[in-house]
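> whatever this is, show me its structure:
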Amino acid sequence: MMTDFKTLERIHKAVANRRRLAILSYLKKEKEDSVGKIAMHLKLSLKSTSRHLSVLLSADLVERNQRGVEMFYFLV
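Predicted coordinates:
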């Protein structure tokens with residue numbers, strides 16, 4: 001039971017940020033995209049975008065695939 005609360009807490013913290021919500025909305029529309037294109041679309045730095053994507057990844061809301069040197073993210 002405690003694990004369920006921790007999972008819910010992690011998800012709530014992940015979506016309690018407008019930029020992360022914008023990333024989720026963007027990925028819902030685009031299905032999948034690279035960190036660079038997500039950052040460009042949302043007018044964020046690569047570092048900031050990567051940090052937000054890391055939080056979403058930790059909450060199991062997104063997954064990623066690496067292709068060459070680029071990382072692509074998509075909704076779970």
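> just want the most central residue of the chain.
Centroid-nearest residue in the chain: L53, 3.3 Å away (criterion: C-alpha atoms, centre = their mean).
> where does the residue nearest to it when sequence neighbours are not counted land in three-state SS?
Once flanking residues are discounted, L53 sits nearest to Y73: 5.6 Å by C-beta to C-beta, 6 or more residues apart in numbering. The C-beta positions use only the backbone N, C-alpha and C, and glycine is treated the same way. Here Y73 takes the strand state, with states given by DSSP: H, G, I helix; E, B strand; the rest coil.
> what's the answer for D33, then?
From three-state DSSP, the assignment for D33 is strand.
> where does this structure have low pLDDT?
1-3 (pLDDT under 70).
> can you give me the strands for it?
Under the criterion DSSP state E, strands of the chain are mapped to 32-34, 62-67, 70-75.
> relative to K6, how far out is T49?
Going from T49 to K6 by C-beta to C-beta, to the nearest Å gives 26 Å.
> nope, S58 is what I meant
The value you get for S58 to K6, if C-beta to C-beta is used, is 12 Å.
> re earlier: got a list of what the residue nearest to the centre of the chain touches?
23, 35, 38, 62, 64, 73 (C-beta atoms under 8 Å, 6 or more residues apart in numbering).
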